[in-house]
Structures are given as C-alpha cells and as structure tokens.
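>>> here are the coordinates; sequence isn't available:
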C-alpha cells in the first residue's frame, strides 16, 4: 500500500510539474514529426549545432529556429508549407544563404511563434523555353548552374551578381532585386512566377502567374507538369510581360533623373516574387536570356583624379552606341585589403571551383559556431586559419595590376563587348593617351580573369580584415547605396566627427549605375549605430537611396512603399516577419 501510495503521489507530482511542459511541447513535436514524414530524417535538422549555419547570415545575423527543412520536390515543398501554416509558425525562406543583409536567416530570439526555416536548395530544375530565349527555374537552381545550361544554346543569364560564384540561387536574386554588375540588364526582375502566399484568412494558396498554358489547375497538376520539364512553344504566353529589366539601359542613360536608376524600394520593380524578400514562397520563375557577345575586352583604368572617371562615364552613357557589359570601381584601400584578406576566397574559386564553395562555407560556419562557444578562444578561428594558410601562397595577382595599385588611387574595370570595344579604345586613345595622370591596360585573358575575380573577393575582404583585428575594431558597417546619376561628387568626403573614429573606409561598386558598396571599420569603442545614423543623414542630403541592391534584410528600415508591398503579399506576417525593421508579431489583419 505504501509503495502504491508513494507511486500515486509521484504521478500526481509529475502531472503538476511536467504535464504543462509536455502539453506545450506537443505542437512543436507534432510539427517536427509531420515534417520528418514528408522529407525524411536526412532532410530535417533540429539539433542546435546542426542548424547553426542555416540560422546565421552570410556576413552577420543569427536567430532561433526549431527546424531546418530541405524539401526535394515541389510537392514536398507544398506539403511542408501547409504543415507550417497550419501550425501557425514563422516561416523563413532560404536558398543558398548568400544574402548580405541578414534577410535569409532568423533575426534574434524574440519571435512570438516557433520558427521553421525552409531551405529550397535541393529543388533544382532549369527548363529551356523557346529554344533558350527564356528559361523557367525552380527555387533551388543557381545562377552558376544557369550559366552552364545556357552554354549549350550560346546564351547568358538575365543577371550576373557577385555571389554567382558562391552558389546564389536564381530565385534569391529575383526576391531581393539583386543588382549585380551588368550595365545592360539591371536588377533581377520578372513579372512571371509561381508562388505560394498566406491570405488574410490564414490559408495557403498557390498563385500561378507563369503565363504558361496547360500546366493544370490544381497545385499537384502544376507540380507534375513542371517536374516533366517539357513545355511546348505554343504554350508560352504573356510575352508582353517583363521577364527581365529590359528597360534598364534606357534608365541608366538618364543622367538628370531625380531618383537613382535602381534601388530596392523602386515601386516599378516590385511584383509578386520580384522584390518580395521572402514574404512569399517562390516555386518557379520565368526569365529572359541574352546572346553571348562575340568578343569582350577588359580595359583596366587607373587615375589619381576621379574627375577623369566622371567624364568617361558621362561620355559613355551619352554617346556610346554600345553600353559596357560591366564597369566596376575600386579604390586603392579596397584593392590592398582584398589582395591580403580576400586571397583565400580568390584561390578557392580559382582552384576548387564554384560548385564546392557552398559546402565549404557551411563547414566553416559549423566550425565557427562550435569554437565560438569556447570562452577562452578568440572568435572566428577558421577565418584566422584560412588567412594564415593563404599567406603561404605566392602573390596571386598579375604584375601589371599590382603596379597600378602603387601608381594610382582609383581604378575602373571597364568590360566592353563587340562594337563597344572600338568605341572605348577610340575614346581612351583620344582623351587619355597624352595625360600623365591616367593610364589604361588592355588586359590579356589571364589579367582579365584575375581582375574580375579580385573585384569579387573584395566583397568579403572587410569582414576578414575586421576578424583579424577584432581586438582593436568594431564590426563592419556595410552600406549599399545608389547615388543620383548626376552626382559628380561620388568620392565621399567624411566630416571629422566620423573620420576620427575610422580605422578603415573601403569603397567599390558598379560605376555606370552609380551603385556603391561602402564598408566602414571603426575603432574599438565607437558607437557604430550613431555613426550609421550620421552616414545615412549625409546620404539623404545627396538624394541617395539605400539599400541599392542587397535588399533591406534586418539591417535597413524599409521605405513605406516597400512596407506596403510586404503587407500586401503577406497580410498575416507569416513569412520573414521583422524584415525591414517591421513588426515580428502575427498580423492582426488575420480573419
């Protein structure tokens, strides 16, 4: 009797103490089990150390999630979304996680609901349409893969962005209006897409705006049609709708516009998936492709007076028949920092290839997460190791580029194609030839590849520099801005109240469209939030827009136009809540 009585008391005590916890955990446990049934154990991560990489941003950002799910088909993707919506979860959409403003990872640990990350990187397919003049891409397909597919039809993608080389997805570029370096085609954009949203009643619905006939009416029918991958030319409709920013090269030539020619909150470039920043779940997008130039030539230009570059830009945009393929700007500081602190990235891409980089970044991030939890160790040990190993290799840049670095403060990488090559050569010969303060190299193929890869390595060099100097500097403040086309004072002059706190300021970007990336590394103890406010105030006075091409993420406040667009797409605030410094809470508009 005594044992039974004690047992009964223990069970009563257990019910009082543990039952509420068991009840509160049941929905979470049930959801995880349901997701596991859909995708299998191999495609579901729940352990903290295994999800750490996917809960972090490429440069910064970190937050909570009960699971990371990897659907492998459109049907699995749809079912995962249904379970998450029915469970009332926050849903974070994620591709290969190359975004730079924390927009594809959770932000913090203060969400009012459980968070599930849906990573679409395993849902891959690229379908050629109309002989390759357009393509249809599923959400996990990457720009690098698109480049390879299009080689068979001698075409190139709608966009080439910096993170193409590290596995950026096509859909990710569209969702963030990723700008990239191309002067003729502008930001990633389409009006033709297939996506899921949660309506005001809290119900998941599939919206088919692909403009392709005979795909079916029900989600399952549409998914089956896309899985088959064959779309007859006669089924391709809506040709009048934009499948890339075809109007861009007309806007870029307008040097007197009262707004920059591309920026993330441009209302003319917000449509369904385009600019959605993860506020919907994209299933497929339809995009233009373009003919491959017959030949290209990179002109590497150096100057100590930025006025020379200003004149060149105005002349090209006003007088050239052929716009550059791209025109990239770097200053001496970013050249030098990228040479030293971006060397491992340069060598990795050159020798390991693009396809291996996403896995390498995931491994590095997991190592960082585990090592950063050890109190007595410095942060970012893998970065320190990669930096140290890279220093063992000989100089990786061609001699002529290094000589330019020592002679000039400012550089342009002017890449021309076909008829534009002669136009550029004629201008440079007539205006620059007898000027001792400027110089031009016509790069050979090896120099061209090295110069463009070095420009790409610059994007992460500031982070590496700060990691190596973490005891004396604050975290990098990175701004992504679009100046007016008429702004001739594009070289920033900082007031003393800012410059006296700086350790280093790095400037690089897309020169023809006046989109610049400005990385500031402040001395330890500086109030970087106050510095950011002062910098943005200076930009506001110039009529600049920000962000220009990386989207707001969790680092910029969205303009009202963008906030309205997000609310229209996602009235219940289910997808990526908090983006653009909006509310993280469930919307009260739900009926």
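Yep, that arrived. It should be emphasised that the depicted structure is a prediction, and the values quoted were computed from it without experimental measurement. Numbers count the residues shown, from 1 in each chain.
>>> rest of the way, CA atoms for contacts and neighbours
Noted.
>>> How about the secondary structure of residue 533?
helix (DSSP: H, G, I helix; E, B strand; the rest coil).
>>> What of the one 3 residues further on?
Following three-state DSSP, residue 536 is assigned to helix.
>>> From residue 550, how far out is it?
From residue 536 over to residue 550 the distance is 16 Å, taken as C-alpha to C-alpha, to the nearest Å.
>>> And these two? Which one has more around it.
Between residue 536 and residue 550, counted using other C-alpha atoms under 10 Å, residue 550 has the larger neighbour count: 25 against 16.
>>> Which of the three states applies to the residue lying closest to the more buried one once chain neighbours are set aside?
With C-alpha to C-alpha, 6 or more residues apart in numbering as the criterion, residue 550 has its nearest non-adjacent residue at 5.9 Å, and that residue is residue 178. Following three-state DSSP, we place residue 178 in the coil state.
>>> Could you count how many residues lie near residue 178?
Residue 178 - counted by other C-alpha under 10 Å - has 29 other residues nearby.
>>> Quick check, it in contact with residue 171.
No: contact between residue 178 and residue 171 fails when scored by C-alpha atoms under 8 Å: they sit 10.0 Å apart.
>>> May I see the buried residues of stretch 434-442?
438-440 (16 or more other C-alpha atoms under 10 Å).
>>> Looking at these, which one is closest to residue 134?
Residue 134 has its nearest neighbour among the buried residues of stretch 434-442 in residue 440, at 37.0 Å by C-alpha to C-alpha.
>>> who are the neighbours in contact with the closest one?
299-302, 428 (C-alpha atoms under 8 Å, 6 or more residues apart in numbering).
>>> Nearest the middle, which residue of this protein would you pick?
Nearest to the mean C-alpha position of the chain, by C-alpha atoms, centre = their mean, lies residue 99 at 3.2 Å.
>>> what's the pLDDT at it?
Note on residue 99: pLDDT of 79.
>>> That one in helix, strand or coil?
coil.
>>> Next up, the contacts around the closest residue to it other than its chain neighbours.
In this structure, residue 99 finds its nearest non-sequential neighbour in residue 58, 6.2 Å apart by C-alpha to C-alpha, 6+ apart. Contact partners of residue 58, counting by C-alpha under 8 Å, 6+ apart, are 97-100, 102.
>>> ranking those residues by neighbours, who comes first?
Highest count within the contacts of residue 58 by other C-alpha under 10 Å belongs to residue 97, 29 neighbours.
>>> pretty sure that residue contacts residue 104?
Yes: with contact defined as C-alpha under 8 Å, residue 97 and residue 104 form a contacting pair (6.2 Å).
>>> any common contacting residues for the two?
By the contact definition C-alpha under 8 Å, 6+ apart, residue 97 and residue 104 are jointly contacted by residue 57.
>>> re the thing from before, need the contact list for the residue nearest to residue 550.
With contact taken as C-alpha under 8 Å, 6+ apart, residue 178 is in contact with 161, 172, 187-188, 549-551.
>>> Identify the farthest-apart pair in the residues you listed.
Once C-alpha to C-alpha is applied, the contacts of residue 178 give 161 and 551 as the farthest pair, at 13.7 Å.
>>> Which one's more surrounded, the two?
Between residue 161 and residue 551, residue 551 has the larger neighbour count (other C-alpha under 10 Å), namely 30 against 17.
>>> Report pLDDT for the more buried one.
pLDDT recorded at residue 551 is 91.
>>> One more: residue 203?
pLDDT at residue 203 comes out at 96.
>>> Please apply the same query to residue 361.
Looking at residue 361, the pLDDT reads 67.
>>> same check, this time on the one 3 residues further on
The per-residue pLDDT reported for residue 364 equals 71.
>>> likewise residue 5?
For residue 5, pLDDT reads 51.
>>> what does residue 107 give?
95.
>>> Report the contact partners of it.
Residue 107 sits next to 61-64, 554, 578 when contact means C-alpha under 8 Å, 6+ apart.
>>> rerun that using 10 Å as the cut-off
55-57, 60-65, 553-554, 576-579, 584 (C-alpha atoms under 10 Å, 6 or more residues apart in numbering).
>>> Which members of these are the farthest-apart pair?
60 and 584 (18.8 Å).
>>> re the thing from before, any chance of a markdown table for the contacts of residue 440, columns distance to residue 155 and neighbour count?
What follows is the contacts of residue 440, written out as a markdown table (distance: C-alpha to C-alpha, whole Å; neighbours: other C-alpha atoms under 10 Å):
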| residue | distance to residue 155 | neighbour count |
| --- | --- | --- |
| 299 | 23 | 23 |
| 300 | 26 | 23 |
| 301 | 29 | 22 |
| 302 | 32 | 26 |
| 428 | 30 | 18 |
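>>> could I get those residues as TSV with secondary structure and distance to residue 317?
Shown next, in TSV, are the contacts of residue 440 (DSSP: H, G, I helix; E, B strand; the rest coil; distance: C-alpha to C-alpha, whole Å):
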residue	secondary structure	distance to residue 317
299	strand	17
300	strand	18
301	strand	17
302	strand	20
428	helix	15
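>>> quick check, nearest of those to residue 312?
Scanning the contacts of residue 440 for proximity to residue 312, where the rule is C-alpha to C-alpha, the winner is residue 428, at 8.6 Å.
>>> Next, the contact list for the closest one, please.
Contacts of residue 428 (C-alpha under 10 Å, 6+ apart): 299, 301, 312, 422, 434, 438-440.
>>> repeat for residue 275
Shown in contact with residue 275 (C-alpha under 10 Å, 6+ apart): 172-178, 187-190, 264-267, 269, 549, 551, 562, 565-566.
>>> now residue 52
45-46, 62-65, 68, 362, 365-370.
>>> hmm, back to that, which member of the buried residues of stretch 434-442 is positioned nearest residue 29?
Checking the buried residues of stretch 434-442 against residue 29 with C-alpha to C-alpha, the nearest one is residue 440 at 63.6 Å.
>>> Out of the contacts of residue 107, flag the one nearest to residue 92.
For the contacts of residue 107, the nearest to residue 92 is residue 576 (5.0 Å; C-alpha to C-alpha).
>>> Can you report how many residues lie near the closest residue in space to the closest one that isn't next to it in sequence?
Excluding its sequence neighbours, the residue lying closest to residue 576 (C-alpha to C-alpha, 6+ apart) is residue 92, at 5.0 Å. Using other C-alpha under 10 Å, residue 92 has 25 neighbouring residues.
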